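1. Below is the sequence, then the predicted model.
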Amino acid sequence: MSRQEDSAAPVVPVRKDPEREHAVATLWRPVFREVVRAFVAGDFRLRTALAQRVEIDDKTAEQAARYVAQYGETLVELPDETWNSSVAQWTEGYWDVLVDLWTVESGRSDLALSVRVFEAGEGFRFRIDGVWVP
């Protein structure tokens, strides 16, 4: 079951700081939750409405599915605790984001979702770069 963000939790802004990593912006978290929810359901190509906001090419989708399967544990939706260790950093035109993934067997796993986030007009565009052990 997916948990909602705690409404009393402080809002984490989007930061353009090339010097260091920051917590993942609160604004982006629902998108990452949707991506992982799709992965949990076996939809690594993101065939849902999510595909309108998040890009993933076939090769990357296959890589992500293969890594999750080879890891040998059961992926679960993101708990609120994932934001304690997941990070984002501005890098010349986009943010590199690593979202820690969780499993039934281990809780926080060694796996991470790698995403690039780009500014797009009034919003953001997300591109999945893969799933791996950083």
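-> Cool, got the structure. Residues are numbered from 1 along each chain as shown.
2. Only C-alpha atoms from now on, for both contacts and neighbour counts.
-> Noted.
3. Which helix runs longest in the protein?
-> What stands out as the longest helix in the chain, according to DSSP state H, is helix 58-71.
4. need the contact list for the most centrally placed residue in the chain.
-> Centroid-nearest residue in the chain, with C-alpha atoms, centre = their mean: F32, separated by 4.0 Å. Contacts here follow C-alpha atoms under 8 Å, 6 or more residues apart in numbering; on that basis F32 touches V99.
5. so it is in which element?
-> helix 29-40 (DSSP states H and E).
6. Quick check: which ranges of the chain have low pLDDT?
-> Filtered on pLDDT under 70, the chain yields the residue ranges 1-8, 49, 51.
7. which stretches of it form strands?
-> Secondary structure of the chain by DSSP state E: the strands cover 22-23, 54-55, 75-76, 87-90, 95-103, 107-120, 123-132.
8. Report all helices and strands that the longest helix of the chain contacts.
-> Helix 58-71 makes packing contacts with strand 123-132 when contacts are defined by 3 or more C-alpha pairs under 8 Å, 6 or more residues apart in numbering; DSSP states H and E.
9. roughly how far out does the strand it packs on sit from the chain middle?
-> Strand 123-132 has its average C-alpha position 7 Å from the chain's average C-alpha position, going by C-alpha atoms, centre = their mean, to the nearest Å.
10. Not counting its own residues, what contacts that strand?
-> By C-alpha under 8 Å, 6+ apart, the residues outside strand 123-132 that reach it are 53-56, 60-61, 63-64, 67-68, 111-119.
11. Report the angle between that strand and strand 107-120.
-> Computed with axes from the mean of the first three to the mean of the last three C-alpha atoms, to 10 degrees, the direction of strand 123-132 lies at 140 degrees from that of strand 107-120.
12. quick one: strands adjacent to strand 123-132?
-> Sheet partners assigned to strand 123-132 using DSSP bridges are listed as strand 54-55 (parallel), strand 107-120 (antiparallel).
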